[in-house]
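# sequence? don't have it. structure:
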């Protein structure tokens, strides 16, 4: 009898988890920050990957992370490679598109601790209060990966990390 109850509870949990996970197969997180600075200063802080350590939430979390910029920095095809958490975090991000002063599109190739290819699109708009930076993050995953993201609350962690990155971007530009 007890095994039947445990089996039913386990099947219900997995069924509920897969149902919830189906909504996490495609994640989009949009965050914005307004920065006091010139449009060029803000744009260049994102465009030049050599600046990323100044506002990387991942480097803030793991200061021993190793990183390297490959290609011609500030141009399409430039890449920021990282190796952190004692070899447990590995990947790179690449600039895919630049519309000078308006837009930067990047794609990540994450190899560890999981495999993913999220995109980060940055939009820059002048406002009365400063330069608004909108970050549009997107990632696609399979149902099993989405199940584990649901199980461990990964979307909330992603939202927090993305906001931290924008807050660090603001701080990096405003302290120049």
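Structure received. Since this is a predicted model, take the numbers as computed values, not measurements.

# all contacts plus neighbour counts: C-alpha atoms, from now on.
Will do.

# Now do the strands in this structure.
Here the chain has its strands, by DSSP state E, at 26-35, 66-70, 79-84, 89-99, 103-112, 119-127, 130-140.

# Can I get those in TSV including mean neighbour count, distance to residue 6 and mean pLDDT?
Converted to TSV, the strands of the chain look like this (neighbours: other C-alpha atoms under 10 Å; distance: least, C-alpha to C-alpha, whole Å; pLDDT from 0 to 100):
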stretch	mean neighbour count	distance to residue 6	mean pLDDT
strand 26-35	17	31	91
strand 66-70	16	46	96
strand 79-84	20	40	94
strand 89-99	19	37	95
strand 103-112	18	34	94
strand 119-127	19	41	97
strand 130-140	19	33	94
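
# Count the neighbours of the closest residue in space to residue 141 that isn't next to it in sequence for me.
In space, and not counting its chain neighbours, residue 141 is closest to residue 25: 4.8 Å by C-alpha to C-alpha, 6 or more residues apart in numbering. Residues contacting residue 25 under the criterion other C-alpha atoms under 10 Å number 18.

# Can you give me the distance of residue 25 to residue 109?
17 Å (C-alpha to C-alpha, to the nearest Å).

# Backbone dihedrals for residue 74, both of them.
Here is the backbone geometry of residue 74 (degrees, to the nearest 10): phi 80, psi 10.
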